[in-house]
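>>> I would like the atomic coordinates for the input below:
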Amino acid sequence: MENQIQPVQLSKDFSPYLKFMYGLNAPESKRQYPRRLEVFLDYLQIEQLTVEEKTNRLYDLITKNDTQWLENQLIKFFAIQNERAQRNEISMLFASLADVNIYSSNSICQYFIWT
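Prediction:
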């Protein structure tokens, strides 16, 4: 059989962070989203050395607690960011993430739990 291009399959060998990064297509998203993710991870007080280690720890927490726990954490985080935006501490762009349906196909939740 001739060499055929096979679609990339993300195996369990890929860390949750690498899967997150693989899911980002636009160069600007690849530039901005790791930092935005790290802000959320810092909010959760996940104290690892790198954003990749923090993301892997988040995956462990989701596995241990369930997606309802993640949803609750996201809602709390978005509420805080909205309050900060109303006080003009941060831009509305970041706070507008609170309007995201976390179960939609383009959701933030999908990036965290994509396996």
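
>>> where in this structure is the helix or strand with the lowest mean pLDDT?
Lowest on mean pLDDT, DSSP states H and E among the helices and strands of the chain sits helix 108-113, with a mean of 44.

>>> not counting sequence-adjacent ones, nearest residue to Arg48?
To be clear, residue 48 is Gln; Arg isn't right here. Distance criterion Cβ to Cβ, 6 or more residues apart in numbering; nearest residue to Gln48, sequence neighbours excluded, is Lys54 at 4.6 Å. Using the backbone N, CA and C atoms, a C-beta is placed for each residue, glycine as well.

>>> state the distance from the one you found to Ile75.
20 Å (Cβ to Cβ, to the nearest Å).

>>> next: Gln45.
Following Cβ to Cβ, the distance that separates Gln45 from Ile75 is 17 Å.

>>> for Leu37, same thing?
17 Å.

>>> between those two, which one's more packed in?
Leu37 (20 against 12; other Cβ atoms under 10 Å).

>>> didn't that one look like it was pressed against Phe20?
Yes: Leu37 lies in contact with Phe20 (Cβ atoms under 8 Å); the separation is 6.9 Å.

>>> where in this structure is pLDDT low?
1-12, 91-115 (pLDDT under 70).

>>> for it, what's the longest helix?
For the chain, the longest helix by residue count, based on DSSP state H, is helix 67-86.

>>> now the helices for this structure?
Under DSSP H, the chain gives helices at 16-22, 27-43, 51-65, 67-86, 92-95, 108-113.

>>> send the alpha carbons of the third one over as CSV?
Output of helix 51-65 as CSV, limited to C-alpha atoms (Å, rounded to 0.1, in the frame of the first residue of the first chain):
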residue,chain,number,x,y,z
VAL,A,51,1.9,26.4,32.8
GLU,A,52,2.1,22.9,31.4
GLU,A,53,2.5,21.4,34.8
LYS,A,54,-0.4,23.6,36.1
THR,A,55,-2.6,22.4,33.2
ASN,A,56,-1.7,18.8,33.9
ARG,A,57,-2.6,19.3,37.6
LEU,A,58,-6.0,20.9,36.5
TYR,A,59,-6.7,17.8,34.5
ASP,A,60,-6.1,15.7,37.5
LEU,A,61,-8.4,17.9,39.6
ILE,A,62,-11.2,17.6,36.9
THR,A,63,-10.7,13.8,36.9
LYS,A,64,-10.9,13.7,40.6
ASN,A,65,-13.8,16.1,41.1
